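Chemist: Sequence and predicted structure, then a few things I'm wondering about:
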Amino acid sequence: MAALFPDSKTFADAVVKTDLSSVLKQYEKEMLEAEREGKSVDLSAFVTAHFDLPHSNNITSKTHFDNVAQYIDYMWSVLTRIPDRQHKDSLIALSRPYIVPGGRFREIYYWDSYFTALGLIDAGRTSMAINMLENFVDILNEVGCIPNGNRAYYYSRSQPPILALFYELLKHALSDEQKRYVIEGMKKEYAFWMKGSASEPLAAVSNKPAAHLRVVKMPSGEFLNRYFDTESTPRPESYREDIEIAENIGVDKAAFYQHVRAACESGWDFSSRWLIDPQLLSSIRTTEIIPIDLNALLVTLEQTLASVTVGDEQAMYASAATNRINAINAYLYSEAKGGYFDFHFPTMRQTDVVSAAMSVPLFVGIASKQQAASVKTTLTLSLLREGGVVTTTNTTSQQWDSPNGWAPLQLFAVEGLRQYGFYSEASEIMRRFCKTIEDTYASSGVLLEKYNVCEPAIKAGGGEYDVQLGFGWTNGVYTRFQTHLNGS
């Protein structure tokens, strides 16, 4: 709370030099001594004395390359981390090498890694992508979920489930033993997302929606999912920010913290998708929302598991996928509004937020031709801007709203459109987003985690931290787009 560092995550990632109990005792001792002398502890000096602070070695703005492709090729090495040794800190040690996103993100991140892997494969670095996939199954076996990132403060939440996508991307390069390992991991991930579906709280409810953990039981008995976090406290990596916002709200602070954490699980932290008032983060209500992207990705997990199992197990996963697709069509699709929309289950109404998340059902191939055509129209008329696809049509101070565009959403839109034969529209998105990246690189010498796609010459903003350099998923998506545009 003393704001020693511009970014709260800095101290959450620090390494204690001795052991934490000794440091706490020393702090209490110095506090008492300072109090007797009418002084205060020099907190900055104390932290420096007892902790090794993290540094970012992901910045390459002083290194010049002739073009973006050369920069990305260099950055793979910069962003590579060797197997970890467990230190006295929050990092969850991984036994295989991995790629970090860049900047303040000094650890592996779950959904980021799928988009990063696209670029790794196109660059002939498939073995690294396999390492990352196996790391996720390792951590799933250790923690019980694939956390947001390999930090202890992420234990209670995951991110958009892309393990099945990762498996489909790499299965041709996996040994039979590796395939079996990942398949067992996918089963555990599915169990994590569906935990509580057979619980007494849901079994006793009928004719109205009810939620338990990440599962929402709809009035006719269908199951859909939401983002959730079992913790209801400030995030350690954004402790000060959460406390300061909560101080100014009259609602249940524990509920606010839980909604904030759930939004972090979505990867869209933060967006008007989760807000009652698009301009007020304090109006967040994430756990009340059934998101279209999450449920589309879970269909892929169910379908993939159905394709690698047999007998009753295969029938269970296949039935779950069919039921989820039917529920998505019943609750999350609107022909009148021209696409897929999140659903606020307490009021049994779709939200009105037009977002690029509606392209995920096309990406995973569960949209009908008519639904895909509607999404294509909305994407091109409402979401496509000069520099690419904008996150939502709402302009707010949140980083997952207009005017910002993000690499993963460009990828979902492009591959979704291509899958339904809309090649010219997909190519236009690729050209615009690649130009945004190239023009920004020409003026700055770096790739970024997000871009202002409405006015590409202006730096992206919003959110809790400055725009980060690197950047894993931007590198991967740009590389994959270049592969497509060059005819491969």
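Modeler: Everything's here; your move.

Chemist: domain ranges for the protein?
Modeler: 9-52, 68-229+264-485 (automatic domain parsing).

Chemist: what's the average pLDDT for the shortest one?
Modeler: Right, the one you point to is domain 9-52. Across domain 9-52, pLDDT averages out at 94.

Chemist: Just the endpoints, please. Distance across that domain?
Modeler: End-to-end span of domain 9-52 (Cα to Cα, to the nearest Å): 14 Å.

Chemist: Check stretch 399-413 too.
Modeler: OK, stretch 399-413 end separation, Cα to Cα: 19 Å.

Chemist: What mean pLDDT does that stretch get?
Modeler: Rounded mean pLDDT across stretch 399-413 is 98.

Chemist: likewise stretch 297-314?
Modeler: For stretch 297-314, the per-residue pLDDT averages 98.

Chemist: quick one: Ile139 is in a helix?
Modeler: Yes: the assignment for Ile139 by DSSP: H, G, I helix; E, B strand; the rest coil puts it in a helix.

Chemist: returning to that earlier point: distance to Val251 and mean neighbour count added to the domains of the chain, as a markdown table?
Modeler: In short, each C-beta sits where N, CA and C put it, glycine included. Formatted as a markdown table, those follow (distance: least, Cβ to Cβ, whole Å; neighbours: other Cβ atoms under 10 Å):
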| stretch | distance to Val251 | mean neighbour count |
| --- | --- | --- |
| domain 9-52 | 26 | 13 |
| domain 68-229+264-485 | 8 | 20 |
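
Chemist: Export those domains to TSV and append columns for distance to Ala2.
Modeler: As requested, the domains of the chain are arranged in TSV below (distance: least, Cβ to Cβ, whole Å):
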stretch	distance to Ala2
domain 9-52	5
domain 68-229+264-485	18
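
Chemist: Tell me which of those domains approaches Ile249 most closely.
Modeler: Closest to Ile249 of the domains of the chain is domain 68-229+264-485 (Cβ to Cβ; 4.5 Å).

Chemist: what about that closest one, how long is it end to end?
Modeler: For domain 68-229+264-485, the end-to-end distance is 15 Å (Cα to Cα).

Chemist: what's the distance between it and the middle of its chain?
Modeler: 6 Å (Cα atoms, centre = their mean, to the nearest Å).

Chemist: picking that back up, can you say which of the domains of the chain is nearest to Asn248?
Modeler: domain 68-229+264-485 (6.6 Å).

Chemist: and Thr474, what helix or strand is that in?
Modeler: Taking DSSP states H and E as the definition, one finds Thr474 inside helix 472-485.

Chemist: counting contacts, what elements does that helix pack onto?
Modeler: helix 68-78, helix 110-122, helix 407-419, helix 423-444 (3 or more Cβ pairs under 8 Å, 6 or more residues apart in numbering; DSSP states H and E).

Chemist: In the stretch 251-400 of the chain, where is pLDDT below threshold?
Modeler: Judged against pLDDT under 70, the stretch 251-400 of the chain has no low-scoring part.

Chemist: At which residues are the helices of it located?
Modeler: 253-266, 292-308, 311-331, 360-363, 369-378 (DSSP state H, counting those that start in this stretch).

Chemist: For the shortest one, which outside residues touch it?
Modeler: With contact meaning Cβ atoms under 8 Å, 6 or more residues apart in numbering, helix 360-363 is reached by 292-293, 296-297, 328, 340, 367, 371-372, 375, 411-413, 415-417, 419-420.

Chemist: go on, stretch 168-187?
Modeler: So stretch 168-187 is contacted by 114, 117-118, 121, 126, 129-130, 133-134, 136-137, 140-141, 163-164, 166-167, 300-301, 304-305, 308 (Cβ under 8 Å, 6+ apart).

Chemist: end to end, how far does that stretch reach?
Modeler: 15 Å.

Chemist: and what of stretch 30-42?
Modeler: For stretch 30-42, the end-to-end distance is 9 Å (Cα to Cα).

Chemist: Please apply the same query to stretch 226-235.
Modeler: 19 Å.

Chemist: swap in stretch 395-412?
Modeler: 21 Å.

Chemist: Check stretch 136-156 too.
Modeler: Stretch 136-156: ends 15 Å apart by Cα to Cα.

Chemist: and that stretch, average pLDDT?
Modeler: pLDDT averaged over stretch 136-156 gives 96.
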